[in-house]
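S.K.: okay, predicted coordinates and the sequence, questions at the end:
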Amino acid sequence: MNWKILAGSLLVVALLFFFFFRNKDGGAASELLVKPQHGKFQIEIVTTGELEAKSSVDVLGPTGLRSIQIYQINIDDIVPEGSLVNKSDYIATLDNSQLIEQIKNRQNELEQSISEYTQVKLDTALELRAARDELINLEYAVEEKKLVLDQSTYEPPATIKQANIDLDKAKRELEQARSNYLLKYDKAVAQMQEAAAELADDQNSLDFLNRMMQQLRIIAPEAGMVIYARDWNGKKRTTGSQLNTWQPVVATLPDLTTMVSKTYINEVDIRKVKNGQPVNIGLDAFPDKKLEGTVIEVANVGEQKPNSDSKVFEVAIEIHDKDTTLRPAMTTSNRIIAEVIENAVFIPLESLFNQGDSITYVIKKNGLGYTKQQVITGPSNDNQIVIEQGVDPDDQLLLSYPTELEDKDITVLTASP
């Protein structure tokens, strides 16, 4: 039994001796180690987005409201969002109070114009009738003067001369009356045209207002699913919302056969995003469903979102899969594959350390101890980074920094000849 006790004691001493000297050199025996990975390295940009149709038909309010000085109008009623409608089905009703007031005023003006038109018509008719009667009387007067002249053949010369003068005077009065009649006729025509134009203008205005009134009942231009339009601040236009007549979109009818995910990328990552890059897409509503897509549009100008200090750029991702479960406004998780590097050596970001701003290094396991090794890094993603020089696939690296190695020198890479 004594030899067993002795052997056990020696083993304990040996283990204590081993761990003492090992920790004395590296001070990191209890730290987690990781081996570099070798193979395909993907640089991904992860962002959330919202589904919308690639193309859609806008459901518009009346486009002529601004011509009658109506610049904002309320939505009195609208069908629930997501409703399926056929062409010409009811969608919404706009407030008609402003139009009703204008129609009443225009009806009063039209009635006044009708009255004025009738009055002008009667006045001109009476005036022209009197002028025509005068012409007839003057024509009779000329005939009478001719008879007097004919019957004065055997009268004294003075009588004959007087008869000629009377005839000429009658003819002159007839010609003047005819000229005056033509002027009166032209004047009457102008007055009638002016009255008729004013009447037609009032009638056309009333007809236009009535058409606007009919257009306040919004119907579907095409079949589809009703999706509420949004204001500049992102708020949906629903019952009680105010519609700006410069942007009279009440709702949209999306084409659900081709969907896109609209997302926003921060200004730091946007330089990595380009048209044509593949995207892996997930749906929050269906966690098990995986979709594929492609970046089809990258905004050139950034914008600032509310409650945010950073600028973001809008990016559109077209979804390749045809899926009847996809609906507008569903939230997506997008993994944009910005770059793929074949045969890369890469490590976790936790294994990379810095000395000031000049040297980047890793901590390698070296026998019973550890070595600080300078590395040259390449592209990175959210979790890993490519190492171009300084690490081999068989190395073992620390995942955290041990304070015991604070004063240990860094092995610097030698420059290539």
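M.R.: Received it, and whenever you're ready, just let me know what you need.
S.K.: contacts, neighbours, all on C-alpha from now
M.R.: Will do.
S.K.: report the contact partners of the nearest residue to residue 121 once chain neighbours are set aside.
M.R.: Spatial nearest neighbour of residue 121, chain neighbours left out: residue 192 (6.5 Å); criterion: C-alpha to C-alpha, 6 or more residues apart in numbering. By C-alpha atoms under 8 Å, 6 or more residues apart in numbering, the contact list for residue 192 reads 117, 120, 121.
S.K.: the last one: neighbour count?
M.R.: Here the number of neighbours of residue 121 (other C-alpha atoms under 10 Å) works out to 17.
S.K.: returning to what we had before: distance of the residue nearest to residue 121 from residue 199?
M.R.: Distance of residue 192 to residue 199, given as C-alpha to C-alpha, to the nearest Å: 10 Å.
S.K.: what's the overlap in contacts for these two?
M.R.: With C-alpha under 8 Å, 6+ apart, residue 192 and residue 199 have common neighbours residue 117.
S.K.: returning to what we had before: out of the contacts of residue 192, which sit inside helices?
M.R.: 117, 120, 121 (DSSP state H).
S.K.: dump those into a markdown table; add distance to residue 107 as well.
M.R.: Compiled in a markdown table, the ones in helices among the contacts of residue 192 are given as follows (distance: C-alpha to C-alpha, whole Å):
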| residue | distance to residue 107 |
| --- | --- |
| 117 | 15 |
| 120 | 20 |
| 121 | 21 |
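S.K.: just those now: which is nearest residue 203?
M.R.: The shortest approach to residue 203 among the ones in helices among the contacts of residue 192 belongs to residue 117, at 12.6 Å (C-alpha to C-alpha).
S.K.: so who does the nearest residue to the closest one once chain neighbours are set aside touch?
M.R.: The shortest distance from residue 117 to any non-neighbouring residue, by C-alpha to C-alpha, 6+ apart, is to residue 195 (5.1 Å). Residues near residue 195 by C-alpha under 8 Å, 6+ apart: 113, 116, 117, 120.
S.K.: and which of those is nearest to residue 92?
M.R.: Closest to residue 92 out of the contacts of residue 195 is residue 113 (35.5 Å), distances taken as C-alpha to C-alpha.
S.K.: and the helices in the protein, which stretches?
M.R.: 2-25, 97-151, 157-215.
S.K.: flag the shaky bits of the protein, pLDDT-wise.
M.R.: 1-31, 415-417 (pLDDT under 70).
S.K.: okay, now the domains of it?
M.R.: Domains of the chain are assigned by automatic domain parsing as 25-41+342-411, 46-56+254-341, 58-94+216-249, 99-215.
S.K.: quick one: the second one to chain centroid distance?
M.R.: Just to be clear, that refers to domain 46-56+254-341. Centroid separation between domain 46-56+254-341 and its chain, computed with C-alpha atoms, centre = their mean, to the nearest Å, is 16 Å.
S.K.: got it, and the first one?
M.R.: Using C-alpha atoms, centre = their mean, we find the averaged C-alpha position of domain 25-41+342-411 to lie 48 Å away from the chain's own average C-alpha position.
S.K.: test my guess that residue 50 contacts residue 263.
M.R.: Yes. Residue 50 is within contact range of residue 263, at 6.5 Å (criterion: C-alpha atoms under 8 Å).
S.K.: specify which member of the ones in helices among the contacts of residue 192 is nearest to residue 102.
M.R.: Taking these together and measuring to residue 102 by C-alpha to C-alpha, the closest member is residue 117, at 22.1 Å.
S.K.: next, count neighbours for the closest one.
M.R.: 21.
S.K.: many thanks, have a good one.
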